[in-house]
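**Q** need a 3D model of the sequence below.
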Amino acid sequence: MSARPAGGDERQSRAWTRYVPGLAALHGYERACLERDLLAGLSVAAVTVPVGMAYSQLMGLPPVTGLYVAALAPVGYFLFGSSWQLVVGPDAATAALVGAGLASLAIAEPSARVPFACAITALAGLFCLAAGLLRLGFIANFLSKPILVGFMNGTGTIIIMGQVGKLFGFEMVQNGFFRQVIELVSKLGDTHAPTLIVGVLTFLVVHYLSRVAPKCPGALVAVVAAILASSVFQLEAHGVAVLGAVPSGLPKLTLPALEVAQLPQLALAALGVMLISYTGTIIASRAFAAKNRYEIEANQELIGLGAADIAASLFQGYAVGGSAARTAVGESAGARTRFANLAAAASVAVVLLFLTGPLAYLPSASLAAVLVSAALGIFDLKTLAWLRRIRKPEFRLAVVTWLGVITIGVLRGVLLAVILAIIELLNRTSRPRDAVLGYSEERDDFYDVAMHDGLETVPGLLIYRFNAPIVFFNADYFRARVRTSLDTAAEKADWFLLDAEMISAIDATALSILEDLQSELASRGVTLTVARPSRQFREMIQATGLDREIGRIHIFANVKAGFDAFRERSEGAQRGA
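**A** This is a model prediction of the structure:
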């Protein structure tokens, strides 16, 4: 449950809740929740510490930066995020994108990469804040499920291939998935057996505990065991690479350095980070909000994520995202309010202040194993198979995204997928499905004659349904389909009844074509009538006077009313004859 503000000015409390939810939580926190929040925070921190260091390694940053992120970024989200339970921190997909942006700058030294990671993160945070204030929360909808599935599978592939060298104990120098595969095969003979054994054992511990004891922080247990083994058996002396000295203490406040010459590259990376991290965050926050029956606000989530990124960037950290896995850990551990996330951040801060010494003995292969385990967890082959069954074009889009991410890069791969998705959407919308409707006396309703054997059109009446808005790129197609339906009708139509229920919008181009079509039909002796027009449809035809041409008596509330009017007119004509 979320802590609610108690007492004080009611109007002020509402403002706090809306704009700075964390202040409202501070104002009305119930001490009875403290014990459960602290325990939940410790559980989340136990998972976050090894994962944060591993994601730093993924980006080629000093491992301690992951701890800086986990200790400070949650504070920004605590104040401004709309979800009381979402855990925000180091995230695989976001880390992969930041890493891709850093790779484009060709900087090898980990410490030299930090300022640029901070710059990408600061820009991503500013973009999130701007998007939230401009109420652009809908931008997450541009990444469809197939794109997200392909992106996550591609990200998982990149993470695994980026860690195999550390697991096998040799250096990988090639970039690009297929070149890395070739290099891996060619260097298998150089495998350092002790390093491989350490990595495999770490992976098996993480994997085993995730199966038999899912609530146990398997990554933490494996990392502690690896540190103990490294210290006792002096693994570094046997050629096993270890992290080495990890600086203790909290990071200093540092303003990100934005160099004008590299700003375009950094901004492009930041846009990708914003889009991907926000999409993952909103999906996770919505899922837990639905499960626990509370509301989250999409634009406020952008602001909360932006605040978290800016907090991270000011203290030598990298961009963050919402973690469904760690949120589930906090929930299962009994988190009661958003203070559980502050407790997690405080726990990581304690590690930074007092427990960095033992981290020097941590084998690099163990961190690589933690990353490989995390990467396997983000693969979604089940959804990919589901897409293959239900809709082949979306399955192909997911596969193209996957291949694009691992071949041309994360940012370019996602951008290519978005472009392909838009093209496919425009293609579908430019040639949408339509139908000629017939009347079923048995059911007293109207159905597509092409889908129902034996159903025929009403003599003299052609009822036509267009299943999309009519706009500039499909208006000509609409006109062509109207002509075709009239030309191929079994009998000449006296009335053309347009079922406009699915025409949610029309633009100026479509309106112009509709005016021409009305004149064309009139010259053929066909009366244009409309059923179920939307409000915008009505307003558009009224603005041009087309409603007067059609005639108010020929605009009907539903298809049945138009059908009855036609039948009454036909019967009247027969009686008059």
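
**Q** could you pull out the buried residues of stretch 287-301?
**A** Residues F288, A289, I296, E297, A298, N299, Q300, E301 are the ones in stretch 287-301 that count as buried (16 or more other C-beta atoms under 10 Å). Using the backbone N, CA and C atoms, a C-beta is placed for each residue, glycine as well.

**Q** pretty sure the third one is touching A284, no?
**A** To tie it back to what came earlier, the one meant is I296. No: counting by C-beta atoms under 8 Å, I296 does not reach A284; the two are 10.0 Å apart.

**Q** follow-up on the earlier one: farthest-apart pair in the buried residues of stretch 287-301, please.
**A** Among these, the pair separated by the greatest distance (C-beta to C-beta) is F288 and N299, at 18.1 Å.

**Q** and A92, what are its phi and psi?
**A** A92 adopts backbone torsions of phi -60, psi -50, taken as degrees, to the nearest 10.

**Q** can you pull out the low-pLDDT segments for the stretch 301-450 of the chain?
**A** Flagging of the stretch 301-450 of the chain using pLDDT under 70 yields an empty set of residue ranges.

**Q** swap in 80 and give it another go.
**A** Along the stretch 301-450 of the chain, the parts satisfying pLDDT under 80 run over 410-411, 414.

**Q** show me where it has helices.
**A** Using DSSP state H, counting those that start in this stretch, the helices assigned to the stretch 301-450 of the chain run over residues 324-332, 339-354, 364-378, 381-390, 392-407, 410-430.

**Q** and of the ones you listed, who's closest to L243?
**A** helix 364-378 (6.6 Å).

**Q** give me the distance between the closest one and the centre of its chain.
**A** 22 Å (C-alpha atoms, centre = their mean, to the nearest Å).

**Q** K252: how many residues sit nearby?
**A** K252 has 8 neighbours, counted by other C-beta atoms under 10 Å.

**Q** nope, W402 is what I meant
**A** 25.

**Q** for it, give me its contacts.
**A** Going by C-beta atoms under 8 Å, 6 or more residues apart in numbering, W402 touches V149, G150, F151, N153, G154, T157.

**Q** now render the residues you listed as CSV, adding pLDDT and distance to L462.
**A** Formatted as CSV, the contacts of W402 follow (pLDDT from 0 to 100; distance: C-beta to C-beta, whole Å):
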residue, pLDDT, distance to L462
V149, 88, 43
G150, 89, 43
F151, 85, 46
N153, 90, 48
G154, 89, 49
T157, 92, 54
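
**Q** among those, who's most crowded?
**A** Of the contacts of W402, with other C-beta under 10 Å as the count, G150 tops at 30 neighbours.

**Q** spit out the contact partners of A119.
**A** Counting by C-beta under 8 Å, 6+ apart, A119 has contacts P256, A257, L258, E259, L266, S313.

**Q** that one: which element?
**A** Assessed by DSSP states H and E, A119 sits inside helix 110-133.

**Q** can I get that helix as CSV, trimmed to CA atoms?
**A** Once non-C-alpha atoms are left out, helix 110-133 reads as follows in CSV (Å, rounded to 0.1, in the frame of the first residue of the first chain):
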residue,chain,number,x,y,z
PRO,A,110,37.2,2.7,-18.1
SER,A,111,37.8,5.8,-16.1
ALA,A,112,38.0,8.0,-19.2
ARG,A,113,34.5,6.6,-20.2
VAL,A,114,32.8,7.8,-17.0
PRO,A,115,32.4,11.5,-18.0
PHE,A,116,30.8,10.5,-21.3
ALA,A,117,28.5,8.0,-19.6
CYS,A,118,27.4,10.8,-17.3
ALA,A,119,26.9,13.1,-20.2
ILE,A,120,24.6,10.6,-22.0
THR,A,121,22.8,10.0,-18.8
ALA,A,122,22.3,13.7,-18.1
LEU,A,123,20.9,14.3,-21.6
ALA,A,124,18.6,11.3,-21.3
GLY,A,125,17.4,12.7,-18.0
LEU,A,126,16.7,16.1,-19.5
PHE,A,127,14.9,14.5,-22.5
CYS,A,128,12.7,12.5,-20.0
LEU,A,129,11.9,15.6,-18.0
ALA,A,130,11.1,17.6,-21.1
ALA,A,131,8.9,14.8,-22.5
GLY,A,132,7.1,14.5,-19.1
LEU,A,133,6.4,18.2,-18.8
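
**Q** which is the next helix or strand following that helix?
**A** By DSSP H and E, the next helix or strand past helix 110-133 is helix 145-168.

**Q** now the element after that next one, going C-ward?
**A** Using DSSP H and E, the first helix or strand after helix 145-168 is helix 177-187.

**Q** after that next one, next one along is what?
**A** From helix 177-187, the next helix or strand downstream (DSSP H and E) is helix 193-212.

**Q** pull out the buried residues from that next one.
**A** Within helix 193-212, judged by 16+ other C-beta under 10 Å, the buried ones are T195, V198, G199, L201, T202, F203, V205, V206, H207, L209, S210.

**Q** and the residue nearest to I550 when sequence neighbours are not counted, its phi and psi?
**A** Here the nearest residue to I550 in space, its sequence neighbours aside, is L528; by C-beta to C-beta, 6 or more residues apart in numbering that works out to 5.7 Å. Dihedral pair for L528: phi -80, psi 130, per degrees, to the nearest 10.

**Q** good, wrapping up.
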